[in-house]
Each structure stands twice: as structure tokens, then as C-alpha cells.
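> Provided below for reference: sequence and predicted model.
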Amino acid sequence: MTFLPDNSRLMVQTDSGDFRSYNLINKHIMKGPVLEHLIQLPNIPLWNGVPVWHCQDKEQHYLSAFFSQHWSPVPVLLIPRDLAVTRWTQGLSMIVLGSGDGRILLVRLPINHVN
């Protein structure tokens with residue numbers, strides 16, 4: 001959960017990877033990511049200017065990216081189902097997934113900033 005830099009919205013990422021934004025001015029909640037908002041978030045890694053984040057659909061974990069030419073996020077990396085992901089975190093250049101049996105998957109993304 002974080003505010004956009006202009007403090008106009010509160011952004012929340014759910015456990016499944018979905019985004020919700022609360023407009024602090026008109027008090028409306030918007031479901032789904034918006035590219036302009038995602039690239040402003042401090043904890044969303046950018047790969048060649050494209051936001052990438054962890055998602056989960058039932059038992060399938062994957063990484064999604066939001067390309068400007070698409071209306072919705074696109075899965076870009078499926079995590080093997082036998083890696084029972086129990087914890088994850090993400091930062092500016094890395095996404096880390098941990099499993100219940102002690103395995104760790106590090107996904108390192110080159111640091112790119114949109115100017």
C-alpha cells in the first residue's frame with residue numbers, strides 16, 4: 001500500500017496481485033492497474049520501462065507486465081507449480097519468491113528509470 005507521489009491516490013496490491021486505487025479527491029475506488037500509476041510506484045520494478053510484478057491465480061504464481069499497447073497486464077513468467085510459493089517481496093530491481101521447503105527464486109531485473 002502506498003500513495004502516488006502527488007498524494008492524489010492510495011494504491012493497494014492485493015495478495016493475488018490485483019491493484020486497487022482509491023482517489024483521495026473524489027473518493028472513488030478503481031479496480032485494476034493503470035500504467036501511469038504503476039510507473040510512479042516506488043516498489044514496482046521496471047524492465048525497459050515496463051512495470052513488472054508478482055501475481056497469483058489459485059495455485060499458479062506468475063509475473064505480469066503492463067505494456068502500453070495492451071489494455072490489461074500480460075503474464076510474462078510462469079513459476080513452476082512444484083515451487084510452493086509461500087512468501088514474496090519485490091523492490092526496484094528484484095522480485096524474490098520463497099517456498100515452504102526453503103527454496104528461493106530470485107528474479108533480477110535490470111534497473112531502468114522512465115524519464
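That came in fine, so what should we check first?
> which stretches of this structure have low pLDDT?
Within the chain, the ranges that satisfy pLDDT under 70 run 111-115.
> and the residue nearest the centre of it, what is it in contact with?
Centroid check for the chain by C-alpha atoms, centre = their mean gives Trp53 as the closest residue, at 2.7 Å. Residues in contact with Trp53 (C-beta atoms under 8 Å, 6 or more residues apart in numbering) are Gln13, Gly17, Leu38, Ile44, Pro45, Leu63, Ser64, Gln90, Ile95. Bear in mind the C-beta positions are built from the backbone N, C-alpha and C, glycine included.
> where along this structure do the strands fall?
All strands of the chain, identified by DSSP state E, fall at 2-3, 9-13, 19-23, 29-31, 46-47, 50-57, 60-65, 74-78, 85-90, 94-99, 104-108.
> Just the buried residues out of the contacts of Trp53, in PyMOL syntax.
Selection of buried members from those for PyMOL, criterion 16 or more other C-beta atoms under 10 Å:
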select buried, resi 13+17+38+44+45+63+64+90+95
